[in-house]
Every structure is written in C-alpha cells, then in structure tokens.
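Enquirer: Give me a model of this one.
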Amino acid sequence: MPDARTSLAHWGAFRADVADGEITSVSPFPGDTDPSPLLGNLPGSLRHSSRIATPAVRRGWLRDGPGPSSARGADEFVAVDWGELTELLAGELRRVVDTYGNEAIYGGSYGWASAGRFHHAQSQVHRFLKLLGGYTFSRHSYSLGATGVIMPRVVGTHDDLFKRSTEWNVIVEHTDLLVCFGGVNLKNTGINHGGTTGHPAREALHRFRANGGRIVSISPLRSDVDGDCEWLPAVPGTDVAIMLALAYVLATANLADRAFLDTYCTGYEQFEKYLLGTEDGVPKSPQWATQICGIDATVLTELATRMAAQRTIITVSWSLQRVRHGEQAPWMGLTLAAMLGQIGLPGGGFGHGYGSMNEPGLPPLRHRLPSLPQGLNPVRTFIPVAAVSDMLLHPGETFTYNGRTLTYPDIRCVYWAGGNPFHHHQNLPRLRRALGRVDTVVVHEPYWTPMARHADIVVPSTTAFERDDFSGSRNDPLLVAMPALAQPYAQCRDDYTTFAGLAERLGFGAQFTQGRTARQWLEHMYEKWSAEIDFAVPDFDQFWADGVLRLPVESGLTLLADFRADPQTHALATPSGKIEIFSDDIAGFEYPDCAGHPRWYEPVEWLGGERAQRFPLHLIANQPATRLHGQLDGGAVSQNAKVQGREPIRMHPSDAAPRGLSGGEVVRVFNDRGSCLAGVVIDEALRPQVVQLSTGAWYDPLDPTDPDSMCVHGNPNVLTDDVGTSSLARGCTGAAVLVQVEKFAGPLPPVRAHQPPVIR
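Expert: Okay, here's the model as predicted:
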C-alpha cells in the first residue's frame with residue numbers, strides 16, 4: 001500500500017504517495033493558493049534511469065592516475081565499492097594538499113542541491129574542506145553576480161533588497177504604478193532556496209489590479225507579466241537607456257525630488273552632468289533613447305510624467321544584471337527611484353527581483369533558521385563564481401575585482417557537491433577545456449548530470465527525499481520536517497556519511513562528526529536554535545511529530561522606510577551613509593567599463609551592434625518554466641514541454657516565416673561559438689528579432705569527445721560568451737546572446753542526456 005508523507009522542495013511543500021521506493025504522486029501543501037507545477041517532476045524521480053547507482057571512477061583516471069585529460073565527459077566509468085572509493089579519494093586529497101597546498105582545491109558547490117538545513121550539499125562539503133585545511137572558494141552567485149558587488153557600494157547591502165523588500169500587501173494597498181524592467185514573471189516565483197510553503201505573488205497582483213493599480217512591463221517578452229499590463233517591447237539590453245530617458249524627463253521638467261536627493265543621496269550633481277549631456281555633448285533624452293530601445297519618445301515622456309504624479313515602484317529583474325555591464329541596470333533603477341523621491345514611502349520606491357524568486361514581497365522571519373556550523377576557512381583565496389573557466393585556464397594570472405587585484409590560483413582538484421555548472425556557466429566548450437586542465441574532478445550527485453559525466457570520481461548521493469531533514473526559508477513562516485520518503489537508491493549515501501568516512505580516513509573524523517549521527521545533528525541544531533530565540537517552540541520530538549512549526553514574521557515592511565524616517569540613526573553602510581548615485585570609490589578604480597555613476601554602455605551582444613549583421617536574432621536564455629534550473633530535467637513536466645525531445649525555442653512569426661519554419665520543427669541555433677538543436681514554438685508574444693530558449697536542458701554533445709560539438713538537446717550555454725559583467729564584479733553574462741536559426745537538415749540525432757554513461 002502507498003505511504004503518504006509530507007516533505008519540502010525548493011518549489012513547494014507537498015504530500016507524496018510512495019510505493020516500492022518511488023514517489024508515485026504528489027499533492028500541494030494545504031493552503032498554498034498557487035502551487036508550483038514543478039511538483040509534477042517529482043513522481044518517478046527516485047528510481048529514474050539517470051540515477052547514479054554505484055561509486056564510480058573514470059577509467060582513464062583509474063588507469064593513468066591524476067592529471068590533465070581531454071577525455072572527461074567522453075570516457076567510460078568503472079564501478080568501485082565504497083571502501084575503494086574512500087581510499088582513492090582520501091589519497092588524492094592528501095596528495096594535492098601535501099604537494100600543492102589547500103589553495104589547490106576548488107570547492108565548487110552551488111547550493112541548490114537540497115532544501116534541507118542539514119543535508120545541504122554546499123554546507124556539508126564546505127564544512128569538510130575547511131576541516132581539511134581550507135580550499136579556494138567563490139563569491140556571490142550566477143544569479144546575482146553584478147548585484148552582489150554594485151549594490152553594497154550604492155545602498156550598503158544587496159541581501160536586504162530581497163529579504164526586507166516592500167511587502168506585497170503594502171504594494172496592493174498603496175502603489176498606483178508598478179514599472180517593471182524585465183517584468184514580474186510568475187514562473188520564477190514558484191521557487192525559493194530552502195523551500196517554500198506558499199506562493200502569494202499571483203493573488204497579490206490580482207488584488208493590486210482590482211485595487212486600481214497599473215503595471216508597465218518593459219521587456220521583449222510579453223510573458224514576463226502574466227495578465228493585464230502595458231507592454232513596452234523594448235530592444236533587449238537597452239533598459240539603462242530607457243531609464244536614463246525617464247530620468248532626463250524628470251530632471252528637465254522639474255519633476256525630480258531635489259529635497260530627497262539632497263537629504264538622502266550623494267553624487268546626483270555629477271550624474272546629472274552626464275544625464276543632461278554637459279560632459280559628453282549627448283543629452284540622454286527620450287529622442288536619444290528611442291533610437292536605441294525602439295520605444296517611441298512620446299511614450300517615454302508620458303511614462304516619466306505618470307511616474308512622478310503617482311505612487312510608483314520601479315522594479316528591476318535579476319536577469320537584467322546577467323549581461324555585459326550588468327551593474328548598471330540595478331544602479332540606474334535605484335537612481336531613477338531616488339529622483340522620484342518615493343524611496344521609503346509605503347508603495348513607492350525600488351524593488352529588485354520581484355518575479356525572480358519567491359522571496360521579494362514576502363515578509364521576513366524575525367529570527368534566523370537553524371543551521372549547520374561551517375567554521376572558518378583558513379584559505380582566503382577566492383574567485384567571482386562565474387570566473388571558474390578563467391581560473392582553471394589561467395593559473396597565476398592577475399585580475400581585477402571590486403577594487404582589488406587578485407591572482408588566479410593553480411587548481412589541481414575541483415571538488416563539486418551539489419549543483420550543475422553546465423546549467424549555470426557560460427560557453428560550455430570553454431568550460432570543458434578548463435575542466436580538462438586539472439588533475440582530478442570529484443562530483444557528489446544523485447543523477448548523471450553533465451557535471452557528473454565530466455568527473456573522475458563520482459560519489460552517488462541520496463536525494464532530499466531519501467533522508468531525514470528539516471527546512472525553511474528566511475521569507476516563509478513555516479519550518480517543515482522532512483522525514484525520508486524512501487530508502488536510499490541502490491548504493492547511494494547521504495553526503496554526511498560520505499564525508500564522515502573520508503574525515504575519519506584523513507584523521508579528523510571526530511572534529512567533523514563531533515560524535516553525532518545525522519539524526520543527532522538535526523536534534524542538536526534544533527535545540528541550539530530554540531535556546532537562542534525569544535519565542536516558545538516545542539521540543540524536537542514534538543516538532544517532528546507535528547511536521548510543521550509556524551514562525552513569527554515582520555509584516556508590513558517598506559524597503560528603506562527606517563532610513564527615510566531617520567537617515568542618521570539608520571544610515572546606510574556606504575562611505576557617505578547615503579544612497580551613492582556617484583561613488584568616489586568606484587570612480588577611483590578607473591575601470592574603463594564601470595564609471596563612478598550609472599551610465600549607458602553599448603553592448604556587444606545586441607541588435608544595434610555590428611555583430612547583429614552576422615547573427616540577427618537576440619536569444620534570451622532565461623530560467624525555465626518547467627524545472628528549477630536543470631533539476632529533474634527528466635521529469636514529466638519538463639519532458640512534456642520538449643519538442644521532439646528538444647528544448648523549445650520561441651520565435652515570432654515574422655522571424656519564422658522567412659526561414660521556412662513551422663511550429664514543431666527542429667532547428668539549429670548557432671553562432672561563432674557553438675550550436676544546439678531546439679524545437680520551434682511560434683509565438684507572437686515576443687518582440688520580432690527576439691527568440692527565447694530557456695537554460696537547463698542537460699548538455700548533450702553529438703560527439704562527446706569534441707568540446708565544440710553541437711548540443712542535440714538545446715542548452716543555450718554552448719552559445720554564450722564567457723566574459724564577466726565588468727572589471728568591477730565579473731558576474732555572469734549568460735542571459736543574452738546573438739544567434740542565427742536555420743531548419744535542421746538530416747536525421748535527428750537521439751537525445752542521450754538522461755541515459756547513464758558506460759559503466760564496467
């Protein structure tokens with residue numbers, strides 16, 4: 001008989017029916033008004049054909065020993081037992097540390113592996129590597145690489161922009177106009193790191209409209225706002241030019257709030273010289289902007305006037321900073337909001353990430369959540385997270401980052417637990433060559449993802465549903481127990497057990513486990529947390545039996561309301577204590593691609609440049625609607641959206657017709673960096689000359705031995721350029737790329753992405 005249990009994923013809490021070690025069906029958590037369709041990927045996931053069943057070692061590494069290899073991703077594997085794997089892995093870690101030092105290990109976990117607070121792959125691997133003596137680490141994220149550097153310099157934080165953002169209920173009650181650069185795409189509000197038990201964004205927007213609120217969506221994709229809105233289909237990558245034009249109207253029509261700028265900001269005068277063209281002779285007027293963005297100057301002028309006359313929030317999606325010069329969009333969006341003078345007022349001001357994740361707009365918890373102690377990393381060497389290939393290919397070279405000059409370390413071992421960089425990272429042919437340079441790649445994974453296929457040592461991990469845990473997120477009111485739904489698949493082990501065995505073999509087992517089993521760690525984390533908070537909670541056993549625990553939240557938040565009320569007591573963590581429209585620090589770095597104030601930089605990858613003569617379509621590589629990143633790409637929801645087994649590419653009829661394309665056909669998408677196959681979906685709800693191909697289809701090269709081989713499954717990162725946002729942040733720029741599309745001729749190659757490699 002099936003056994004029904006409750007659990008939690010990044011995309012929602014759910015109740016699962018389980019039989020014979022497999023999830024057979026799921027139902028949403030009671031009270032979730034808009035459950036994520038991604039729950040449909042869970043049935044069949046525990047015994048999926050892509051599960052890793054046994055510890056495995058790449059044949060070439062086992063035969064020849066550690067060293068650079070071009071065979072990663074193409075070689076077959078040899079099954080080994082756990083004892084042999086532990087000996088091989090412990091021996092290799094000791095060799096690397098003794099020969100090259102701990103800096104030669106790159107701990108590359110990326111954190112979305114599990115919603116659990118204890119069995120969280122990133123927490124486990126980082127704790128282990130710190131006790132080993134340290135490791136080279138990464139800063140910030142692929143999602144927010146530019147924001148994470150620019151916003152602390154402009155407004156003193158980037159974290160609070162999300163976890164302490166203006167609440168949806170405040171927007172519903174007080175906002176007249178939502179001006180959304182990059183839209184507010186509800187597909188992305190299905191997920192939150194740590195798990196989520198409610199999805200209020202859709203209902204909030206419905207109530208907002210019913211209350212008379214209006215939405216202006218500035219995006220090349222109509223789908224970036226669900227439901228009624230004023231859609232301005234701008235040329236992709238021109239948002240900063242549009243913002244400058246709106247700011248120009250405010251400045252020249254005497255609509256800017258000078259008192260707010262004088263009291264709460266610094267550097268507006270320097271910025272205004274650029275805005276009005278007194279520095280470069282180019283006024284950033286609507287007439288100037290319309291030649292860049294394709295939106296009529298009159299429309300921009302009228303919009304600026306409406307923004308000044310109404311309670312307005314300006315929102316900037318995360319996608320806009322995942323491009324070259326990505327620092328400029330959030331900086332300029334905040335500057336535009338400052339000119340309106342409504343920052344800190346209920347229903348006015350600035351937002352960053354509404355529609356990017358199920359966090360902005362939700363009230364934060366009053367207290368932190370239980371967590372696994374990480375300890376200190378004795379190694380201080382780091383890279384921006386999107387600079388992995390640069391680091392591996394150019395050891396010893398210097399690079400600039402956030403006002404510093406740093407040096408890439410000589411990495412000998414890449415240790416990856418949780419996450420799949422073949423979803424996140426740019427220019428996969430270059431990444432494959434970079435991974436080929438190191439001595440050893442270690443991957444902990446439940447599934448044969450592309451990263452696992454490129455490993456030398458593969459450690460089979462349990463999924464979140466094959467072990468006991470609990471979880472929650474900082475903007476969700478419930479802590480949820482996650483009892484194991486099934487026994488571990490085949491020979492899979494949870495990462496804690498794996499690391500405990502390795503730590504014992506390497507001589508620090510007692511420090512790693514502190515004498516606790518995994519279950520005892522759960523109890524310890526909960527009890528330590530409950531002793532530090534100022535409200536009563538049941539003991540662990542009662543919490544586990546109840547299954548959920550409601551936590552107090554801070555309601556009614558408006559972003560930066562305390563700063564507006566008292567800018568001295570609540571001064572920002574910037575050098576001036578104010579919003580830095582002009583940053584003396586950034587100006588002092590003298591970077592050619594990031595000035596001391598927000599400005600327009602002409603992109604390389606855009607329809608207005610020379611490159612568009614060769615590749616005339618602007619591809620937007622956004623997050624998928626059918627999975628979280630690349631997770632559970634083999635699930636039913638993800639697979640049902642494929643076209644002849646390929647990731648769908650949306651095209652406007654005016655672009656499909658001249659190429660002789662119809663819906664349901666397979667096309668080759670290409671530029672001078674690479675190519676992939678995709679399935680055509682004809683759609684009028686996007687700007688002509690724009691195509692949309694989501695990230696996350698598991699990378700599947702036609703010829704696994706050739707890094708430049710076409711991906712037959714539809715991963716757009718074979719097309720993107722591996723270049724950082726600027727010399728300041730070096731964030732990910734994988735959201736946009738110029739391409740050409742043509743009908744694919746010849747027999748369709750099979751998709752093998754979810755089939756295990758050869759294992760002897």
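Enquirer: Okay, domains of this structure per the record?
Expert: By the assignment in automatic domain parsing, the chain contains the domains 3-41, 56-140+376-467+490-517, 160-193+200-363, 610-743.
Enquirer: Any idea which of the ones you listed gets closest to S583?
Expert: Nearest of those to S583, taken as CB to CB: domain 160-193+200-363 at 7.0 Å. Backbone N, C-alpha and C define where each C-beta goes, glycine included.
Enquirer: Output the domains of the chain as JSON lines; include the columns mean neighbour count and distance to P552.
Expert: Shown next, in JSON lines, are the domains of the chain (neighbours: other CB atoms under 10 Å; distance: least, CB to CB, whole Å):
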{"stretch": "domain 3-41", "mean neighbour count": "19", "distance to P552": "18"}
{"stretch": "domain 56-140+376-467+490-517", "mean neighbour count": "21", "distance to P552": "18"}
{"stretch": "domain 160-193+200-363", "mean neighbour count": "22", "distance to P552": "10"}
{"stretch": "domain 610-743", "mean neighbour count": "21", "distance to P552": "28"}
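Enquirer: Any chance of JSON lines for the ones you listed, columns mean pLDDT and distance to V604?
Expert: Below are the domains of the chain laid out as JSON lines (pLDDT from 0 to 100; distance: least, CB to CB, whole Å):
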{"stretch": "domain 3-41", "mean pLDDT": "93", "distance to V604": "34"}
{"stretch": "domain 56-140+376-467+490-517", "mean pLDDT": "96", "distance to V604": "13"}
{"stretch": "domain 160-193+200-363", "mean pLDDT": "97", "distance to V604": "6"}
{"stretch": "domain 610-743", "mean pLDDT": "98", "distance to V604": "6"}
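Enquirer: Export those as JSON lines, with columns for distance to G547.
Expert: Formatted as JSON lines, the domains of the chain follow (distance: least, CB to CB, whole Å):
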{"stretch": "domain 3-41", "distance to G547": "5"}
{"stretch": "domain 56-140+376-467+490-517", "distance to G547": "15"}
{"stretch": "domain 160-193+200-363", "distance to G547": "19"}
{"stretch": "domain 610-743", "distance to G547": "23"}
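Enquirer: Give me the phi and psi angles of N427.
Expert: In terms of degrees, to the nearest 10, the main-chain angles of N427 are phi 50, psi 80.
Enquirer: Please read the previous query as pertaining to R58.
Expert: phi -60, psi 130.
Enquirer: ok, now how distant is it from H120?
Expert: R58 is 27 Å from H120, where distance means CB to CB, to the nearest Å.
Enquirer: And for D546?
Expert: D546 is 22 Å from H120, by CB to CB.
Enquirer: pretty sure L506 is touching E92, no?
Expert: No - between L506 and E92 there is no contact under CB atoms under 8 Å: 11.0 Å.
Enquirer: D228 should be in a strand, yeah?
Expert: No - per DSSP: H, G, I helix; E, B strand; the rest coil, D228 lies outside any strand segment and is coil.
Enquirer: Can you show me the strands along the stretch 151-300 of the chain?
Expert: Taking DSSP state E, counting those that start in this stretch to define them, one finds strands in the stretch 151-300 of the chain at 177-181, 214-218, 230-232, 265-266.
Enquirer: Using CSV, lay out the ones you listed together with distance to F14.
Expert: Converted to CSV, the strands of the stretch 151-300 of the chain look like this (distance: least, CB to CB, whole Å):
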stretch, distance to F14
strand 177-181, 30
strand 214-218, 30
strand 230-232, 34
strand 265-266, 46
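Enquirer: closest one to G83 among the ones you listed?
Expert: Nearest to G83 among these is strand 177-181 (55.4 Å), distances taken as CB to CB.
Enquirer: The closest one: partners in the sheet, and parallel or antiparallel?
Expert: For strand 177-181, the paired strands and their directions (DSSP bridges) are strand 214-218 (parallel), strand 312-316 (parallel).
Enquirer: What are the phi and psi values at V458?
Expert: Dihedral angles (degrees, to the nearest 10) for V458: phi -110, psi 120.
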